[in-house]
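Undergrad: Curious how this folds, go ahead:
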Amino acid sequence: MFHQIWAALLYLYGVILNSIYQCPEHSQLTTLGVDGKEFPEVHLGQWYFIAGAAPTKEELATFDPVDNIVFNMAVGSAPMQLNLRATIRTKDGLCVPRKWIYHLTEGSTDLRTEGRPDMKTELFSSSCPGGIMLNETGQGYQRFLLYNRSPHPPAKCVEEFKSLTSCLDSKAFLLTPRNQEACELSSN
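TA: Next up, the predicted model:
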């Protein structure tokens, strides 16, 4: 009798806990409309890197020295190409410019990074206004990255991102401090 009562209490506890901390359906990760032909204009322009999540801290280690990053996504000079420029403000105040070229993959929503054949980037919608989420996978790593049009989105956006990525087996979480002024994006 005691075991039956104990089992019923544990079951009830599990039901209550699951209703409070329910993970969203994996299908709520909606791939954005990259159709392999052209990149939607709504995704072009300036973005701020807000947070990252990954299964391990090592997969986010590249962002440890970062205070903030501002990106600009523009249509490339060739068909199915995107130019991404970034300026990284390190915690010690330095500004580090970076450039990447993404290639749209025909018939897929994947973006491929020039010079890094092992790297795949997928874009997902975000419930956060002005937000976008990326899933980067490469040789030995997978990470989710949250970007926003604002350098300081509502805290609720970050909490939703953390909750969603936690449900997707991300145990490590990184929030960029964004304490310093963002660096100027270079025009070339």
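Undergrad: Do a quick rundown of the strands in this protein.
TA: Remark: strands assigned in the chain by DSSP state E are 45-54, 66-75, 81-90, 95-104, 111-113, 116-125, 131-138, 141-148, 172-175.
Undergrad: mind giving me TSV with these and columns for mean pLDDT?
TA: Below are the strands of the chain laid out as TSV (pLDDT from 0 to 100):
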stretch	mean pLDDT
strand 45-54	96
strand 66-75	94
strand 81-90	94
strand 95-104	92
strand 111-113	86
strand 116-125	86
strand 131-138	91
strand 141-148	95
strand 172-175	97
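Undergrad: Can you add mean neighbour count and distance to residue 163 and give the ones you listed back as a markdown table?
TA: Yep, even glycine has a C-beta here, placed from its N, CA and C like the rest. Putting the strands of the chain into a markdown table (neighbours: other C-beta atoms under 10 Å; distance: least, C-beta to C-beta, whole Å) gives the following:
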| stretch | mean neighbour count | distance to residue 163 |
| --- | --- | --- |
| strand 45-54 | 21 | 10 |
| strand 66-75 | 18 | 23 |
| strand 81-90 | 18 | 27 |
| strand 95-104 | 16 | 28 |
| strand 111-113 | 19 | 25 |
| strand 116-125 | 16 | 15 |
| strand 131-138 | 19 | 12 |
| strand 141-148 | 22 | 12 |
| strand 172-175 | 17 | 10 |
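Undergrad: want to throw the ones you listed into TSV with distance to residue 165?
TA: Formatted as TSV, the strands of the chain follow (distance: least, C-beta to C-beta, whole Å):
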stretch	distance to residue 165
strand 45-54	4
strand 66-75	18
strand 81-90	22
strand 95-104	22
strand 111-113	19
strand 116-125	11
strand 131-138	9
strand 141-148	5
strand 172-175	7
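Undergrad: Would you mind saying which of those lies nearest residue 186?
TA: Residue 186 lies closest to strand 95-104 among those, at 5.1 Å (C-beta to C-beta).
Undergrad: which secondary structure elements does that closest one contact?
TA: strand 81-90, strand 111-113 (3 or more C-beta pairs under 8 Å, 6 or more residues apart in numbering; DSSP states H and E).
Undergrad: In a markdown table: these, plus distance to residue 125.
TA: What follows is those, written out as a markdown table (distance: least, C-beta to C-beta, whole Å):
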| stretch | distance to residue 125 |
| --- | --- |
| strand 81-90 | 18 |
| strand 111-113 | 15 |
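Undergrad: How many neighbouring residues does residue 154 have?
TA: By the criterion of other C-beta atoms under 10 Å, residue 154 has 14 neighbours.
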